[in-house]
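Undergrad: can't give you the sequence, but here's the structure:
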């Protein structure tokens, strides 16, 4: 009798949940497990050799790689910083707008978002290249004598990262600022606080969730977006993403690439963990 | 103008110091005038209420005094100093917001201390003042709670304490009791009034609740469509409404269209659609078109014709409303006259014929701003 009743509850639950579960297991769970598995294998220079060892993880600490991590972190850090600096005022302005103006701003922000980012990045190359529009213009008006190298620098990679990831910062910021009750700012001003004090004591603390959510959504991808440094940095600017890509392609070293991927995933989880511990909500990260 | 500056109740006569003065202020949002040609003086220590239906401009007026809106033209003076250009943080007034606007990320202590903290008052002094304020609003022991942990009435008290701790010259209150239930609202009305008397701070209070305004105020400014219709003591507003709107809006009233027939001293006889009526007015002149307003409780009902009782009607229904009994009398022209008596007073039964009348001093003659055309009365009178 009891068994029957249990079946009556469990069966419908399995039926309704299973499509999602199957999808998650097949498309995310199994590949991840495979990556984890490979990361403990080794290579003969051509293909994977199935011999369990930790040598890939030891290799992660190689000084050459550490330099790439550092470069990656610098790019990710400044990308995040610039995105907050530019995104906060924009999101604030948008949140205070009303009606059609607001919709228009949102569309302006989203249109590039809907266009393939590779194409948009190549757009930058035609602007910044040695024979690009900007160099041609600068020489024409006599600002410079010869072409200036603007592409293939850390600055160019940074520009590309900011450009591609900017909406990911603005949207959570906008969501947080829009929820802010403006009468709180009036109350603060009424109680004698000047604009900067109001911003520091009221606006910033009450919208910090948006800043954290935006920072996570910009920082983590900017560690992995290898195509940005490929296009904007050429081969000069190696990021963690490029390193992983190289191991899978040219380097033919899947096990090391897998170990690097696992490392990046663990780092991501740690950052999200910090975000959650700081009171952040997971739904703001979607 | 209808801002009759009668001395108000003698209450503040000894210290008639103007603290807020609004001079020829207009406020236009886009193309919509919200406040029109406003002139008003608020005196030190008084409890002044801006009363009116929603959209009458009362909140906008308050926000202009607080510094959250600036007048399109005209001048606002606080203690004689023009403040239209000053930011809210530069004005010696504080506001209690309709939604309380407590800072959700701060404790009650930090909320109340906010004004002193931004003014860099010494920590020990802040602690002492906050403690005093908490005692004043009976919230001692709540310092470390957060606003979300308080009830509506408690949040209200915190909002008041947070404003009062700055020792404002004027406290502005924007429908502060609007979100509370009836019983708590009544209790808070009395508490607020007591607090105001105790501290002697000028209160400018915005509400759409006429009963609240009558209960709490020293003076009331009744506003309608961006204008002050009447600015006077509660009793004067109730007993001698200056405009038809005030007569209709404050309490219940029977308002007749009338034309002045003759005048002897202050006693005026008037033509109405249903016959001759009497009222008192110093200023009305013969042939002037006016409104005649009689409160339901001032209407006299007689079963037999008596002297001066010329108008008759049929009792339509009786309504029992607790302390009072209301009686609706249909007049020959279809006008439904409201009369009320204290419950227990015998009243004529429904369907019976009654003669109605009133003491001349109970009928208020309202002279209109605009030239009114009362076609029916003129037709009866002339034809």
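TA: Great, that's in hand. Owing to the predicted nature of the structure, the values given are computational and were not obtained by experimental measurement. Numbering: from 1, shown residues only, chains lettered A, B, ... in the order given.

Undergrad: next, count neighbours for residue B:125.
TA: 10 (other CB atoms under 10 Å in any protein chain shown). Bear in mind the C-beta positions are built from the backbone N, C-alpha and C, glycine included.

Undergrad: sorry, wrong one. I was asking about residue A:268.
TA: Around residue A:268 there are 16 other residues, counting by other CB under 10 Å.

Undergrad: element containing it?
TA: Assigned by DSSP states H and E, residue A:268 belongs to helix A:254-277.

Undergrad: buried stuff in that helix?
TA: Within helix A:254-277, the residues that qualify as buried are A:254-264, A:267-268, A:275, counting by 16 or more other CB atoms under 10 Å in any protein chain shown.

Undergrad: Three-state assignment for residue B:291, please.
TA: Secondary structure of residue B:291, reduced to three states by DSSP: H, G, I helix; E, B strand; the rest coil: strand.

Undergrad: what pLDDT does it get?
TA: Residue B:291 is assigned a pLDDT of 91 by the prediction.

Undergrad: hang on, it packs against residue B:257?
TA: Yes. Using CB atoms under 8 Å, residue B:291 is in contact with residue B:257, at 6.4 Å.

Undergrad: list residues touching both of those two?
TA: With contacts defined as CB atoms under 8 Å, 6 or more residues apart in numbering or on different chains, no residue is shared by residue B:291 and residue B:257.

Undergrad: what about residue A:153, how many residues close to it?
TA: Using other CB under 10 Å, residue A:153 is surrounded by 16 other residues.

Undergrad: distance-wise, check it relative to residue A:234.
TA: Using CB to CB, to the nearest Å, residue A:153 is found at 9 Å from residue A:234.

Undergrad: one more: residue A:183?
TA: With the distance defined as CB to CB, residue A:183 ends up 52 Å from residue A:234.

Undergrad: more neighbours: the two, which one.
TA: With neighbours defined as other CB under 10 Å, residue A:183 and residue A:234 compare such that residue A:183 has more, 18 against 13.

Undergrad: which stretches of the chain form helices?
TA: Going with chain A. Using DSSP state H, the helices found in chain A span residues A:2-24, A:30-38, A:55-59, A:63-96, A:99-114, A:117-128, A:133-140, A:154-178, A:182-190, A:195-198, A:204-224, A:226-233, A:240-248, A:254-277.

Undergrad: oops, wrong one, chain B.
TA: B:58-66, B:108-118, B:123-136, B:152-164, B:182-199, B:210-216, B:234-239, B:244-249, B:375-382.

Undergrad: these: which one's closest to chain A?
TA: With CB to the nearest CB, the closest approach to chain A among the helices of chain B belongs to helix B:108-118: 3.9 Å.

Undergrad: chain center to that closest one, what's the gap?
TA: Relative to its parent chain, helix B:108-118 has a centroid offset of 33 Å by CA atoms, centre = their mean, to the nearest Å.

Undergrad: can you tell me which of the helices of chain B has the worst average pLDDT?
TA: Comparing mean pLDDT over the helices of chain B, the weakest stretch is helix B:375-382, at a mean of 61.

Undergrad: what parts of chain B come near chain A?
TA: When proximity is defined as CB under 8 Å from any CB of the partner chain, chain B approaches chain A at B:66-68, B:87-89, B:93-95, B:97, B:99, B:101-105, B:114-115, B:118-119, B:162-163, B:166.
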